[in-house]
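**Student:** below are the sequence and a predicted model for it; my questions follow.
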Amino acid sequence: MTARILLEVPSFDKGGLQKVVLDIALGLRRVDGNELMVVTTGPLGSIAREAQAAGVTVRQLPVDRVNEAYPALIDEFKPSIAQAHFSDVGYPYLAACGVPIVCFIHNVYIFLPDSACAAFRAGDRYVSKYIAVSPKAAEYAQAKLGAAPEKVVVVPNGLDFARYPLDRASKLDRSSLGIGKDDYVFLNPASYNLHKGHYLIAAAMKRVLAARRDIRVLCVGNEIFAPHVEALKGYLASEGLDKHILMPGYFEDIADPMGISDAFLLPSFIEGWSIAMNEAMHYAKPMILTDTGGAGEVIERNDTGILLPTEYPDFLKLESAELDRLAYTPQSYRLAEPLAQAMLDFAANREQWSMAGLRGRAKLHQRHGFDTVLARYQSIMDEVVAAAPAPPPEMPKLVTRKSSIALRIDRKLRRIYRDARYRYKPALSFWLANHLFMNWMPYRIRHAFLRRFCHVRMGTASTICSGCFVTGYKIQIGSNTVVNRFCYLDGRVTLKIGNNVNVSHYTLIQTLTHDPQNPDFVCVEGAVTIEDHVWIGARATILPGVTIGEGAVVAAGAVVTRDVAPYTIVGGNPARRIKERTRDLRYKTQYFPLFDTDIQ
């Protein structure tokens, strides 16, 4: 089901929250039929410009005339659902027009003063569903803010990998920042919001410098409250730390500071699910994190970095005043020594932790790809729109161009149309493909139906034999490729099969599965790429996120859980290298047996 989606955010200029909203807007816009508008009463900036360049409408409402501007905007755009990201300005106006609201809980809200917590509880009557970005964010919202458990669902932040190309060289030079070529650099990409643990970093750095002088921390971010930032800079200078803890400001493209850094450092007192953490994993940076938000979901037994405890014993008992006391003044931190030891460990064992960074990238791409996250967002919004109640009687009446009855009829008709086009039509197409055309039609008719109605992209002289099961609109097959009988092709996430590939019968290729350790049984997604001249043996299983290199062979019955190097023969469960394959491959795998038999 598609929708007209209004995303409300406090500002749309820069910062991690704004990046998440941008990713959501751009991702949902790619769903055919969705229309997006981002609305804010705060400032616009580079993130708003990027959204507008991609075709997303962005509106800045005047704070002094929001009572007039918001109803007019609703009347103009006619949203079918709204998302609230740390902003509740439009709640009463949206609810009065019967627009359901999904509120995102981006962090654990610990730093909210009592007045803001009260406002959150007051706004609960307008909210149909909460999307919490981590289990801890959900737990806090339920325990401290009164959110009903049945209204809260956990969806970790994903990352749109297409917006973060890995082949782009950094425009930064270490020497321009006074960093030595062989220095070990920790990147701390967080707003200059002292809740991120800047004074804790300073306390740890004093201990680090007693052991070695070639470690630096590069703190990049936007300024939140100038007096706090000036006090921090003054303290660093007075302690002789300003040459080792650098604060050059905000960078629009995070690839630049990532490119000159060795590791990622975020000893924050509070997080939801850090988008900077996702970015660090994408760029294969090993991480030192405190156990806040989603950190414990991505560092497991120190596989992708070092996970440290928090400075406080129980985050459910942490109040905003205590948080401010920890953040805003330098003090003796019990975590300073463990943090210093972790930093020294990273610098002393560069190769070991570099491998951990690569494991982090693999984990991110396997578990938190944005296509999976978007599918969950879309599913949640579909459910909310379908179950949207009538406006509460206490809501203020607004003047609209249509009567309430006409609006309800209009919404129902649009819902029926969207269901027919975006749910029933694809379902019918794949049902016909898998139960009729795959079993009873000759090659030409079968392939024509797959291309036209299932969006399978096939090169010349390729074959999909009878009995196969296809699903998803993201299947790409090259030329002279054979997919033998009774194979499963999962195209819900991108599945690319190259030229002259032989996929033997009963092969299972998956791009989506589930995380067995996650309490919500969340989906795990990853694109699968099978390069040219690959031979996959009968009854093999290819799991999400795998790339099988050119000329490789997967033995019959193998379960492939990780990438296969080019011209390598692998087998077993999990698949392991057996030996090398010859590189002198000239064959073409054209195979069109008569009547789907083995007779050519």
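**Tutor:** Good, I have the coordinates.
**Student:** give me the sheet partners of the host helix or strand of Gln476 and which way each runs.
**Tutor:** Here Gln476 sits within strand 475-477, counting by DSSP states H and E. With DSSP bridges as the test, strand 475-477 is paired with strand 457-458 (parallel), strand 495-497 (parallel).
**Student:** pick the most deeply packed of those strands.
**Tutor:** Mean neighbours per residue, mean count of other CB atoms under 10 Å, is largest over those for strand 495-497, with a mean of 22. Glycine gets a C-beta too; all of them are placed from N, C-alpha and C.
**Student:** starting at the chain centroid, how far to the strand holding Gln476?
**Tutor:** Remark: strand 475-477 is offset 24 Å from the chain centroid, using CA atoms, centre = their mean, to the nearest Å.
**Student:** next: stretch 175-185.
**Tutor:** 31 Å.
**Student:** likewise stretch 575-582?
**Tutor:** Put simply, stretch 575-582 sits 34 Å off its chain's centre (CA atoms, centre = their mean).
**Student:** who touches that stretch?
**Tutor:** Stretch 575-582 is contacted by residues 551-555, 558-562, 564-565, 567-571 when judged by CB atoms under 8 Å, 6 or more residues apart in numbering.
**Student:** and those, which of them are buried?
**Tutor:** Applying 16 or more other CB atoms under 10 Å to those, the neighbour count classes 551-555, 558-560, 564, 567-571 as buried.
**Student:** and for the residue nearest the centre of the chain, nearest residue in space, chain neighbours not counted?
**Tutor:** The chain has Gly158 as the residue nearest its centroid, 0.8 Å off, counting by CA atoms, centre = their mean. Excluding the flanking residues, the one nearest Gly158 by CB to CB, 6 or more residues apart in numbering is Val373, at 3.4 Å.
**Student:** buried residues, whichever strand or helix holds that neighbour. List them.
**Tutor:** Per DSSP H and E: Val373 is located in helix 370-386. Within helix 370-386, the residues that count as buried by 16+ other CB under 10 Å are 370-378, 380-385.
**Student:** which other helices and strands contact it?
**Tutor:** Applying 3 or more CB pairs under 8 Å, 6 or more residues apart in numbering; DSSP states H and E, one finds that helix 370-386 contacts helix 16-29, strand 81-85, strand 101-105, strand 127-132, strand 523-525.
**Student:** what's the first helix or strand after the first one?
**Tutor:** Which is helix 16-29. Per DSSP H and E, the first helix or strand lying C-terminal to helix 16-29 is strand 35-40.
**Student:** so how far is that next one off the chain centroid?
**Tutor:** Centre-to-centre, strand 35-40 and its host chain are 20 Å apart (CA atoms, centre = their mean).
**Student:** which element follows it toward the C-terminus?
**Tutor:** helix 46-53.
**Student:** now the angle from that next one to strand 35-40?
**Tutor:** 160 degrees (axes from the mean of the first three to the mean of the last three CA atoms, to 10 degrees).
**Student:** name the residues that touch the helix or strand just after helix 46-53?
**Tutor:** For helix 46-53, the following helix or strand on the C-terminal side (DSSP H and E) is strand 57-60. Contact partners of strand 57-60, identified using CB under 8 Å, 6+ apart, comprise 12, 36-44, 48, 51-52, 73, 77.
**Student:** what's the answer for stretch 131-147, then?
**Tutor:** With CB under 8 Å, 6+ apart, stretch 131-147 has contacts from 102-110, 117, 120-121, 124, 130, 148-149, 152-157, 271-273, 292-294, 297, 315-316, 377, 380, 519.
**Student:** show the contacting residues for the residue nearest to Gly158.
**Tutor:** 27, 155-158.
**Student:** kindly provide the distance from it to Val20.
**Tutor:** Separation of Val373 from Val20 (CB to CB, to the nearest Å) stands at 10 Å.
**Student:** mutual contacts of the two, please.
**Tutor:** Going by CB under 8 Å, 6+ apart, residues that sit against Val373 and also against Val20 are Asn157.
**Student:** Ser261 is in contact with Lys285, isn't it?
**Tutor:** Yes - applying CB atoms under 8 Å as the test, Ser261 and Lys285 come out as touching, 6.5 Å apart.
**Student:** joint contacts of the two?
**Tutor:** Leu187.
**Student:** is it correct that Ala203 falls within a strand?
**Tutor:** No - applying DSSP: H, G, I helix; E, B strand; the rest coil, one finds Ala203 to be helix, outside a strand.
**Student:** check contacts around the residue nearest to it when sequence neighbours are not counted.
**Tutor:** In this structure, Ala203 finds its nearest non-sequential neighbour in Ala336, 3.8 Å apart by CB to CB, 6+ apart. Taking CB under 8 Å, 6+ apart as the contact definition, Ala336 lies against 200, 203-204, 206-207.
**Student:** same thing with Pro574?
**Tutor:** Pro574 neighbours (CB under 8 Å, 6+ apart): 559-562.
**Student:** phi and psi next, for it.
**Tutor:** Backbone torsions for Pro574, taken as degrees, to the nearest 10, come to phi -70, psi 160.
**Student:** quickly find the element holding the closest residue to Phe453 other than its chain neighbours.
**Tutor:** Excluding the flanking residues, the one nearest Phe453 by CB to CB, 6+ apart is Ser429, at 4.1 Å. Element membership of Ser429, judged by DSSP H and E, is helix 425-432.
**Student:** next structured bit after that helix?
**Tutor:** Once the chain leaves helix 425-432, the next helix or strand it forms, by DSSP H and E, is helix 438-440.
**Student:** who's in contact with that following helix?
**Tutor:** 446, 464, 466-470.
**Student:** so which bits of that helix are buried?
**Tutor:** Of the residues in helix 438-440, Met438 count as buried by neighbour count, 16+ other CB under 10 Å.
**Student:** give the rounded mean pLDDT of that helix.
**Tutor:** For helix 438-440, mean pLDDT rounds to 88.
**Student:** what's the offset of it from the middle of its chain?
**Tutor:** 38 Å.
**Student:** next: stretch 130-146.
**Tutor:** With CA atoms, centre = their mean, you get 19 Å for stretch 130-146.
**Student:** same question for stretch 122-142.
**Tutor:** With CA atoms, centre = their mean, you get 19 Å for stretch 122-142.
**Student:** now it: mean pLDDT?
**Tutor:** Mean pLDDT, stretch 122-142: 89.
**Student:** before we move on, the earlier item: separation between the residue nearest to Gly158 and Leu159?
**Tutor:** 9 Å.
**Student:** from the contacts of stretch 131-147, which land in helices?
**Tutor:** 117, 120-121, 297, 377, 380 (DSSP state H).
**Student:** pLDDT score for Met343?
**Tutor:** 98.
**Student:** follow-up on the earlier one: and which of the ones in helices among the contacts of stretch 131-147 is nearest to Leu232?
**Tutor:** Nearest to Leu232, judged by CB to CB, of the ones in helices among the contacts of stretch 131-147 is Cys117 at 27.2 Å.
**Student:** next, count neighbours for that closest one.
**Tutor:** 16 (other CB atoms under 10 Å).
**Student:** not counting sequence-adjacent ones, nearest residue to it?
**Tutor:** Leaving out its chain neighbours, the residue that sits closest to Cys117 by CB to CB, 6+ apart is Leu145, at 6.1 Å.
**Student:** tell me the spacing between that neighbour and Leu6.
**Tutor:** 23 Å.
**Student:** more neighbours: those two, which one.
**Tutor:** Using other CB under 10 Å, the more surrounded residue of Leu145 and Leu6 is Leu6, with 26 against 18.
**Student:** what sits against that one?
**Tutor:** Remark: with contacts taken as CB under 8 Å, 6+ apart, Leu6 is in contact with 37, 39, 74, 77, 79, 81-83, 90, 94, 99.
**Student:** how about Leu28?
**Tutor:** 5, 34, 36, 374, 377-378.
**Student:** Glu252 versus that one, what's the distance?
**Tutor:** When distance is defined by CB to CB, Leu28 is 23 Å away from Glu252.
**Student:** so where's the stretch 351-500 of the chain shaky on pLDDT?
**Tutor:** 389-404, 406-408, 410-411, 414-415, 417-419, 421-423 (pLDDT under 70).
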